[in-house]
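Visitor: from the sequence below, what's the structure:
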Amino acid sequence: MSTIEFNDSLIRLEAYLKSFAMTFTRNEEDAKDLTQETMLKAISYRDYYTPQTNFKAWVFTIMRNIFINQYRRKVKSGTIFDHSKELYLLSNATDGSNPTNNYMIGKELDKQISKLNDDYKRPFELHHQGFKYKEIADELNIPIGTVKSRIFIARKKLMDLLPDYAYLSN
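Guide: Okay, the predicted model is just below:
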């Protein structure tokens, strides 16, 4: 499929993509953003599309995966809803309002991370820096399952070493 054919096919799907995005977001602006991001990602990963396969399904899968990843990020960030009359959007993440406290927590966390065995510390640090499991596995030349296991064990050890901060993860 040529670049022009690919782009034309993608443009013809735009209305369908917006409609599909609305089923996820239930908000027109978010649906437009999701559609735009999907089209951009489809163009960026054009080389991964296999010609003579279902193009529409491929693009819709990209959209679904983008939405799922965004949802997971929002959950991980600790965003919660206040069920009061005003329905304010709250976040239980630290907001920097107490820099001294945040600094002390960071220092204590760094101290405990440094105590971890290198087998657990390095994968945990890389994951915390935003690397994907596959990238960590390639970097450390170990299987991806081992990476996941070591990160999980590092988290458990840190939770045991930092019981006073357990409330921050809830």
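
Visitor: tally of neighbours for the closest residue to His127 other than its chain neighbours?
Guide: Sequence neighbours aside, Ile151 is the residue nearest to His127 in space, at 5.1 Å (criterion: CB to CB, 6 or more residues apart in numbering). For glycine as for every other residue, the C-beta is placed from the backbone atoms N, C-alpha and C. Residues within reach of Ile151, counting by other CB atoms under 10 Å, total 19.

Visitor: Ile151: what's it in contact with?
Guide: Ile151 makes contacts with Tyr120, Pro123, Phe124, His127, Tyr133, as judged by CB atoms under 8 Å, 6 or more residues apart in numbering.

Visitor: please point out which parts of the helix or strand hosting it sit buried.
Guide: Element membership for Ile151, per DSSP states H and E: helix 144-161. For helix 144-161, the neighbour count (16 or more other CB atoms under 10 Å) marks Val147, Arg150, Ile151, Ile153, Ala154, Lys157, Leu158 as buried.

Visitor: quick check: the gap between the spatially closest residue to the fourth one that is not a sequence neighbour and Leu162.
Guide: Closest residue to Ile153 in three dimensions, ignoring its sequence neighbours and counting by CB to CB, 6+ apart: Tyr120, at 5.7 Å. Here the distance between Tyr120 and Leu162 works out to 15 Å (CB to CB, to the nearest Å).

Visitor: now do Gln70
Guide: 29 Å.

Visitor: equivalent analysis for Val59, please.
Guide: Val59 sits 44 Å away from Leu162, going by CB to CB.

Visitor: and Arg64, by the same measure?
Guide: 36 Å.

Visitor: repeat that for Leu116.
Guide: 12 Å.

Visitor: Thr50 versus Met1, what's the distance?
Guide: Counting by CB to CB, the gap from Met1 to Thr50 is 9 Å.
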